[in-house]
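1. my questions concern the predicted model and sequence given below.
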Amino acid sequence: MKKINKILFPIVSSSLIVTGIVPLTTSCSNSSRHAVSEYVTELPYSDGFTIMQWTDTHIRAQDDEQKVKHHDFLLKQISKFKEEHKDTDKKEKPDLIVITGDAIIESRKEDYIWLFDILDKEIKTPWTLIFGNHEPRALFSIEWLVGEMNRRSALREKDGSSYCVFKDIANDDVYGDTNHVVNLVDKNHKVIKQVIMLDTNRYRDDYYTWDYLRPSQIEWYERVVKETTANNGGTPVESAMFLHICLPEYKNAWDYHCAHPEDPEPQWEEGGECWDDVKPSKVNSGMFKKILELGSTKITTCGHEHANDWSALYKGVRFCYGVKSSDNAGDYWSPDKATYLLGNRTFTFHDNGGVTTARHHYHFEGEE
C-alpha cells in the first residue's frame, strides 16, 4: 500500500526554485498481497560477511567541484576499509552497502544516476537504499527513483551490469516504498543470516512530525521472519534491521541511561556520541514488541540524527546509529563535531552467532 505526500517542500536547483507537492507514491486502492520471496534478493554468505552503512549524505545538486569532493570521500571510505582489513581477512571492500536514507536532496535525476554509477561502476559491490524523510525534495517523482533502482536490480539479475539488490513491488499491500530483504545464503540456498530493510516513511502533519512504521509493515516483517523461521526447522534466523528514523525505544534506552548512568544496563558502546536529540516518531506502532516476540532481529540501525553515532544493547537487541557519511547538512553543528562524526558504521556477521559493529570516522582531504 503506497501513499500520497501532503507536505509542501521548497525544491531548489541551480537554475530554478519550485515550491509544490511532490508525491511520494501513488495511492493504491487495488493493492494486493505478494509472496515474501518477491521481496528477497540472495547474496552468498561466508563467515565475516560485512555490511557498510552509509547514511544522511545529504548530497545536493551542486557544482562539479562539490561532487568531486563527495565522490572522493565516498571512495576514501572504501580504500580505508581495504587498508583496515589488509592484515586480517584481506577484504578489499564490504560485501554489501546499505544507504539508510537522505542520500541526495534538492536533486535531479542525473544526481541519483551519478551516485548509483559510483556504486555500480567504481565500487562494484552489492548495494541498496532505503528512503529517509528528505527523498521527496527532488525535481522528479519518487516513482522514478524506485523505478530506476528496480531497473538496476533487474540488470544485476540479467547480465551483472549493476550491483543493486533493491526490490520494490508496486501496488502491494505493504505501506511505504523500500521494504525489502537480502538473504545471506550458503551454496544450497539455505538462509544463514537475513538483512531486512524498512521504509520509516516521511512526515505526518508537518515538516517536523515524523511518520511511523505502519501495521502493514509490521505484519510484513512478521511474515518474513515466520516464513524464514519455518524454513529453518523452527529456529529463528539471525537478522539485522535497517531503518532511517529510529524506533521509539531508542529514546527509552537513552533517557534511562541519562537518568541512571551508573546502571550497566543497557550496555553502551565505548565512545559513541549523542550530540543530537533522539527523535523517533511520536507514534509507537509496536515494531520493537514484535521484534522481541519473534526472536530473530538482534541488531537495528538507523540514521536521521546527524550527530549521533551511539550503540547500546537494550533488552537483548543492539540499537545503533550509523555515522553520517558526508558533510552537507552539518552546518548547524559546530565544525569540529560535524567533521568528527563523518564516515560509516560496519556490521560483521559471524558463523558462531552474533553481529559485531564498529564506527569509522574520517576527514575530508586537507581537513585532517
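-> Cool, the structure landed.
2. surely Asp276 meets Gly303?
-> No: contact criterion CB atoms under 8 Å: Asp276 and Gly303 do not qualify, at 11.0 Å. All C-beta atoms are positioned from the backbone trio N, CA, C, and that covers glycine.
3. which of these two has more neighbours?
-> In terms of neighbours (other CB atoms under 10 Å), Gly303 is the more surrounded of Asp276 and Gly303; the figures are 31 against 18.
4. separation between that one and Pro215?
-> Plainly put, Gly303 is 24 Å away from Pro215 if you go by CB to CB, to the nearest Å.
5. do the same with Asp205
-> Relative to Pro215, Asp205 is positioned 19 Å away (CB to CB).
6. which residues does the nearest residue to Asp102 once chain neighbours are set aside contact?
-> Among residues not flanking Asp102 along the chain, Gly132 sits closest, at 3.6 Å (CB to CB, 6 or more residues apart in numbering). Shown here is Gly132, whose contacts under the criterion CB atoms under 8 Å, 6 or more residues apart in numbering are Asp56, Thr100, Gly101, Asp102, Ala103, Thr200, His244, Ile245, Gly303, His304.
7. so where do the helices sit in the stretch 101-250 of the chain?
-> Secondary structure of the stretch 101-250 of the chain, counting by DSSP state H, counting those that start in this stretch: helices at 109-117, 142-159, 215-231, 248-259.
8. now the second one: buried residues?
-> Neighbour-count burial for helix 142-159, counted by 16 or more other CB atoms under 10 Å, picks out Ile142, Glu143, Leu145, Val146, Glu148, Met149, Asn150, Arg152, Ser153, Arg156.
9. ditto for stretch 177-195
-> The neighbour-count check on stretch 177-195 (16+ other CB under 10 Å) flags 177-185, 191-195 as buried.
10. swap in stretch 312-330?
-> Under the neighbour-count criterion of 16+ other CB under 10 Å, stretch 312-330 has 312-314, 317-330 buried.
11. quick one: end-to-end distance for stretch 90-102.
-> The straight-line separation of the ends of stretch 90-102 (CA to CA, to the nearest Å) is 31 Å.
12. where's it relative to the chain centroid, distance-wise?
-> Relative to the mean C-alpha coordinate of its chain, stretch 90-102 is positioned 11 Å out (CA atoms, centre = their mean, to the nearest Å).
13. same check on stretch 133-152?
-> Mean C-alpha position of stretch 133-152 versus that of the full chain (CA atoms, centre = their mean) differs by 15 Å.
14. endpoints of it, how far apart?
-> First-to-last residue span, stretch 133-152, CA to CA: 23 Å.
15. so Trp254 sits right up against Val278, yeah?
-> Yes: at 4.7 Å, Trp254 and Val278 qualify as touching, with contact defined as CB under 8 Å.
16. ok so, going back, next step: the contacts of Gly132 restricted to strands.
-> Thr100 (DSSP state E).
17. buried subset of the contacts of Gly132, written for ChimeraX?
-> Those of these that meet the burial criterion (16+ other CB under 10 Å) are gathered into one ChimeraX selection, given here:
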select :56,100,101,102,103,200,244,245,303,304
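18. can I get the lengthiest helix in the chain in CSV, CA atoms only?
-> Selection of the longest helix in the chain by residue count, based on DSSP state H, yields helix 64-85. Extracted in CSV, the C-alpha atoms of helix 64-85 (Å, rounded to 0.1, in the frame of the first residue of the first chain):
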residue,chain,number,x,y,z
ASP,A,64,31.2,19.8,-10.2
GLU,A,65,33.8,20.7,-7.6
GLN,A,66,31.4,19.8,-4.8
LYS,A,67,30.5,16.5,-6.5
VAL,A,68,34.2,15.6,-6.8
LYS,A,69,34.6,16.3,-3.1
HIS,A,70,31.8,13.9,-2.2
HIS,A,71,32.9,11.3,-4.8
ASP,A,72,36.4,11.2,-3.3
PHE,A,73,35.1,11.0,0.3
LEU,A,74,32.9,8.0,-0.5
LEU,A,75,35.7,6.2,-2.3
LYS,A,76,38.1,7.1,0.5
GLN,A,77,35.8,5.1,2.8
ILE,A,78,36.3,2.0,0.6
SER,A,79,40.0,2.4,0.4
LYS,A,80,40.2,2.8,4.2
PHE,A,81,38.2,-0.3,4.6
LYS,A,82,40.7,-2.2,2.4
GLU,A,83,43.5,-0.8,4.5
GLU,A,84,41.9,-1.7,7.8
HIS,A,85,41.4,-5.3,6.6
